[in-house]
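# 3D, please:
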Amino acid sequence: MIAIVGILIVFGAIVGGYLMEHGKLLVLLQPAELLIILGAAIGTLLVANPLPTLIRIGKGLAGVFLGGGYSKAVYIDNLKMLFELFNYARKSGMAKLEEDVDNPTKSAVFKKYPRFLNSHHALHFLCDSLRTAVTGGLDPMDIDQMMEVDLEVHHRESQEPIASLSTMADSLPGLGIVAAVLGVVITMGALGGPKEEIGHRVAAALVGTFLGILFCYGLFGPLASAMSKGNEAEACYFGFLRMAVLGFVKGISPILVVELARRAIPTEVRPTFQEMEAACRGGTKVASPQAPQAA
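Numbering: from 1, shown residues only. Here you go, the predicted structure:
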């Protein structure tokens, strides 16, 4: 939601300042220039990227506009889930835990947390890591290295849509110049006609340059930056899950495992130890946490 507010401020400030200088708003409405610039930009995006990357770009933009993300409520809910899961494994044995991670949708613990079940990559990351730990035969540091490789692959994939959108944003000023040059070509063909018509065509050509720069630095560039920050928050979330798994495979008690994981949470959304303990030991369910975006 805040992204929408920001975009409205950008366009509102530009239009407002233009009107304060007694500019005519209709001059800025150039559908042909928009078609050239945005159409060419979208075309380059399609040419340069495979379908999976395009889908991730769409999901990333949806995440920016819809908000949500990894709030304190989400982390507390996940801490409670991890505590219940590890406590269950400690009491019932590794065989029971293996059944849960093999079929998380049928797990008595995971079914209490549908938001986590819907976060498919996080679910697979946690279950695959725990399945490796349950089978045994690997040192905790080896499991940690496997998780690190998994996260590196996911991070590299998550950076692809951001790089593609940034490249498209960087191309917009150049496409604006293309639209402006086409406008100049049309203007040259109109020489000898009425001065009003020539002035209108020159204005339309300049609007092309204006729109290309505006869309680059006022819209798509900031959107790519917002997607990058969302990826950073997601990386912190997976680091939190990684620390929880590492603590579990080292044989630490469940409450200390979630404390270890809590320390990996960014400070701006990190719950206090008392909040974590109240949720885990008291059975308090956090009300209506927003779900993290599926990868």
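
# Show me what the host helix or strand of E232 is packed against.
E232 is located in helix 221-249, with elements delineated by DSSP states H and E. Judged by 3 or more C-beta pairs under 8 Å, 6 or more residues apart in numbering; DSSP states H and E, the packing partners of helix 221-249 are helix 2-20, helix 51-66, helix 72-92, helix 120-135, helix 140-189, helix 254-262. C-beta coordinates here come from the backbone N, C-alpha and C atoms, glycine included.

# where in the stretch 51-200 of the chain is pLDDT low?
Within the stretch 51-200 of the chain, the ranges that satisfy pLDDT under 70 run 137, 190, 192-193.

# Can you name the residues that contact L19?
By C-beta atoms under 8 Å, 6 or more residues apart in numbering, the contact set of L19 is L25.

# Please read the previous query as pertaining to D142.
So D142 contacts nothing (C-beta under 8 Å, 6+ apart).

# Next one: it from V134, what distance?
Distance of D142 to V134, computed by C-beta to C-beta, to the nearest Å: 14 Å.

# Setting aside sequence neighbours, what's the nearest residue to the most centrally placed residue in the chain?
The geometric centre of the chain, computed from its C-alpha atoms, lies nearest to G230 (C-alpha atoms, centre = their mean), at 3.9 Å. Excluding the flanking residues, the one nearest G230 by C-beta to C-beta, 6 or more residues apart in numbering is G63, at 5.6 Å.

# Surely the one you found is in contact with M227?
Yes. Here G63 reaches M227: they are 7.4 Å apart, a contact under C-beta atoms under 8 Å.

# Any buried residues in the helix holding E232, and which?
By neighbour count on 16 or more other C-beta atoms under 10 Å, the buried set for helix 221-249 is 221-224, 226-228, 230-231, 233-234, 237-249.

# How about stretch 29-49?
Q30, E33, I36, I37, L38, A40, A41, T44, L45, N49.

# Settle this for me: the third one is touching G208, isn't it.
Yes. A contact is recorded between I36 and G208 when judged using C-beta under 8 Å, the distance being 6.9 Å.

# which residues are in contact with both of these two?
Contacts common to I36 and G208, judged by C-beta under 8 Å, 6+ apart, are V178, A179, L182.

# Out of those residues, who's the most crowded?
A179 (27 neighbours; other C-beta atoms under 10 Å).

# what about F86, distance to L54?
Going from F86 to L54 by C-beta to C-beta gives 39 Å.

# ok, K229 - contacts?
Per C-beta under 8 Å, 6+ apart, neighbours of K229: none.

# What of L45?
So L45 contacts L54, I57, S164, L165, M168 (C-beta under 8 Å, 6+ apart).

# rerun at 10 Å
Contacts for L45 were tallied using C-beta atoms under 10 Å, 6 or more residues apart in numbering; they are T53, L54, I57, S164, L165, T167, M168, S171.

# thought the fifth one was touching T44?
Yep, that's L165 we're talking about. No. With contact defined as C-beta atoms under 10 Å, L165 does not count as touching T44 (11.4 Å).

# so where does L191 fall, helix or strand?
Going by DSSP H and E, L191 is not part of any helix or strand.

# What count of nearby residues applies to it?
When neighbours are defined as other C-beta under 10 Å, L191 has 8 of them.

# what separates it from V178, distance-wise?
From L191 to V178 the distance is 21 Å (C-beta to C-beta).

# now A169
When A169 is compared with V178 (using C-beta to C-beta), they lie 16 Å apart.
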